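Novice: below: sequence and its predicted model.
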Amino acid sequence: HFNTDGANTVVMGNEFGGYMQVVGNDTVATQEAKFQVTVGSTDGTTGIYLNADDADQKAMLIDGEQTTSNIFEIQADALTTGSAIFVDDNSSSSGPRKLVHILADHADAGGTALHVESDGMESSKFKQNATDQNAINAYSDVAHTIPLVSFTSDATTSASETLKVKGDSATTTTKVLTVANNTHDMVTVVAGGGVGINDNTPSYKLDVNGTLRSTANAHFDDDIHLAEYLYHAGDENTYMRFINAGDEIDFYAGGNRQLRLTTTDTELYYDGSEKLATTSSGVSITGSATISSNLTVSGGSVCANGVE
C-alpha cells in the first residue's frame, strides 16, 4: 500500500501475476484487472488522462490477441445525456485526417468492419453542419459484384418504409434525390414533386427525356398530350400524326395516308390517294363509286356523264 497524507492512494499485489490499483475515495476496491483506476464519487477528477505531445508517436497502443473476447469494451450502465465515446477534433489543419479509421484488410471471413445494434434508440445519426461536405459517402474504386449499399428489411409485417429520402427545401427545383452514372444524371427527384428520367430539371410530375416503353397496359385517368406521332408498337408504318399548323390529324397504315381530318373537311384515302371528301358544301368522290343497294337522293341531281 502507498499511503499519502494518511490516505490510501496506490495498492500493489502479487495476484494475477502482479497488479496495481489507483484508489478512489481512500477506499480499496475489489481488484478487477492487472491495472485498475477507481474514481470515487467525490474525487473530482478524470480517471485516466494522457497528454501526448510527440507528433509522430501514438498516445495509446493496444496489441490484442483475443479470439472470442472483446479487445476494448465500454460498459455505460448509467449514461443519460453524455456520450460513451466522444471524439473532439478542433484542428485547423486541412490535411486528409480521419477521426475514426477502421481498417479491415484481412481476407473475407464473414466479419463486419462496423456493427451497430440498438434495442431502444436510433442506431446512427449523422448531422453535417458544413454546407459543402457530405454527411455520408459510401465509396468504392473496385469492381464489386454485389450492391455497394444495401437496405434490407427482413420483417414480413413491416408497416413503414425500408428507405426514406426527405428534402425540406421550399425551392421546388432543388434536387432531393439523384441517381447518376459517370456521364449524366439518370433519375432526378426535385422538391416540387417532379421526377426526371434522363432529365435533371423536371417540370412535370414525370419528365422522360427519351423513349418510354410499357410492356403491359397503361392506364391514364387524365388527358394525354402528344407532340406529333402515335405509333403502333412494332409497326412503324402504322401511326397517327398530329399537325398543329393546320389542326390536322392523319391516320396512316402501311406507310400511306388512309384518313385525314381537318377543321374544314374529312378525307378518305386508299393507299395515299384521296377517294372521298366531306366538306361544308357536301361530299365529293374521286374515281368511280359502286353502290350495292338503293341510292336515295333528296334534292336535285346533276350527272355529267350519265348514269349506269
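Specialist: Now that the structure is in, tell me what you want to look at. Numbering: from 1, shown residues only.
Novice: could you verify that Leu259 is part of a strand?
Specialist: Yes: under DSSP: H, G, I helix; E, B strand; the rest coil, Leu259 falls within a strand.
Novice: now do it against Tyr252, distance only.
Specialist: For Leu259, the distance to Tyr252 equals 9 Å [Cβ to Cβ, to the nearest Å]. Every C-beta, even on glycine, is put in place using the N, C-alpha and C of the backbone.
Novice: what's the answer for Thr68, then?
Specialist: The spacing between Thr68 and Tyr252, counted by Cβ to Cβ, is 77 Å.
Novice: quick one: the helices in the stretch 151-300 of the chain?
Specialist: Secondary structure of the stretch 151-300 of the chain by DSSP state H, counting those that start in this stretch: no helices are present.
Novice: which stretches of it aren't confidently modelled?
Specialist: The stretch 151-300 of the chain contains residues with pLDDT under 70 at 300.
Novice: on that earlier part again, so for Leu259 and Tyr252, which sits in the more crowded spot?
Specialist: Comparing Leu259 with Tyr252 by other Cβ atoms under 10 Å, the one with more neighbours is Tyr252, at 21 against 14.
Novice: in the sheet, who's paired with the more buried one?
Specialist: Listed by DSSP bridges, the beta-bridge partners for Tyr252 are Tyr239, Arg257.
Novice: give the contact list for it.
Specialist: Counting by Cβ atoms under 8 Å, 6 or more residues apart in numbering, Tyr252 touches 237-241, 258.
Novice: of the residues you listed, buried ones?
Specialist: By neighbour count, with 16 or more other Cβ atoms under 10 Å, these hold 238-239, 241, 258 as buried.
Novice: which stretches in the stretch 151-300 of the chain count as strands?
Specialist: In chain order, the stretch 151-300 of the chain shows strands spanning 175-180, 185-190, 195-197, 206-208, 229-232, 235-243, 248-253, 256-261, 266-270, 273-279, 282-285, with DSSP state E, counting those that start in this stretch as the criterion.
Novice: JSON lines for those, including distance to Gly17?
Specialist: Written out in JSON lines, the entries for the strands of the stretch 151-300 of the chain read as follows (distance: least, Cβ to Cβ, whole Å):
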{"stretch": "strand 175-180", "distance to Gly17": "59"}
{"stretch": "strand 185-190", "distance to Gly17": "63"}
{"stretch": "strand 195-197", "distance to Gly17": "67"}
{"stretch": "strand 206-208", "distance to Gly17": "72"}
{"stretch": "strand 229-232", "distance to Gly17": "86"}
{"stretch": "strand 235-243", "distance to Gly17": "87"}
{"stretch": "strand 248-253", "distance to Gly17": "96"}
{"stretch": "strand 256-261", "distance to Gly17": "101"}
{"stretch": "strand 266-270", "distance to Gly17": "105"}
{"stretch": "strand 273-279", "distance to Gly17": "109"}
{"stretch": "strand 282-285", "distance to Gly17": "115"}
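Novice: among those strands, which is nearest Asp105?
Specialist: Proximity to Asp105 (Cβ to Cβ) singles out strand 175-180 among those, at 29.7 Å.
Novice: please enumerate residues in contact with the closest one?
Specialist: 165-167, 169, 185-191, 200.
Novice: so which of those is the most crowded?
Specialist: Top of the contacts of strand 175-180 by neighbour number is Val190, holding 23 neighbours under the definition other Cβ under 10 Å.
Novice: in TSV: the buried ones among the contacts of Tyr252, plus distance to Glu15.
Specialist: Written out in TSV, the entries for those read as follows (distance: Cβ to Cβ, whole Å):
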residue	distance to Glu15
Thr238	94
Tyr239	93
Arg241	96
Gln258	103
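Novice: show me which of these is closest to His115.
Specialist: For His115, the closest of those turns out to be Tyr239, at 58.5 Å, with distances computed as Cβ to Cβ.
Novice: can I get the contacts of strand 175-180 in JSON lines including distance to Pro147?
Specialist: Formatted as JSON lines, those follow (distance: Cβ to Cβ, whole Å):
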{"residue": "Val165", "distance to Pro147": "17"}
{"residue": "Lys166", "distance to Pro147": "22"}
{"residue": "Gly167", "distance to Pro147": "23"}
{"residue": "Ser169", "distance to Pro147": "28"}
{"residue": "Asp185", "distance to Pro147": "20"}
{"residue": "Met186", "distance to Pro147": "16"}
{"residue": "Val187", "distance to Pro147": "16"}
{"residue": "Thr188", "distance to Pro147": "21"}
{"residue": "Val189", "distance to Pro147": "20"}
{"residue": "Val190", "distance to Pro147": "25"}
{"residue": "Ala191", "distance to Pro147": "27"}
{"residue": "Asn200", "distance to Pro147": "24"}
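Novice: list just the nearest of those residues to Ala29.
Specialist: Distance to Ala29, by Cβ to Cβ, is smallest for Lys166 among these, at 49.8 Å.
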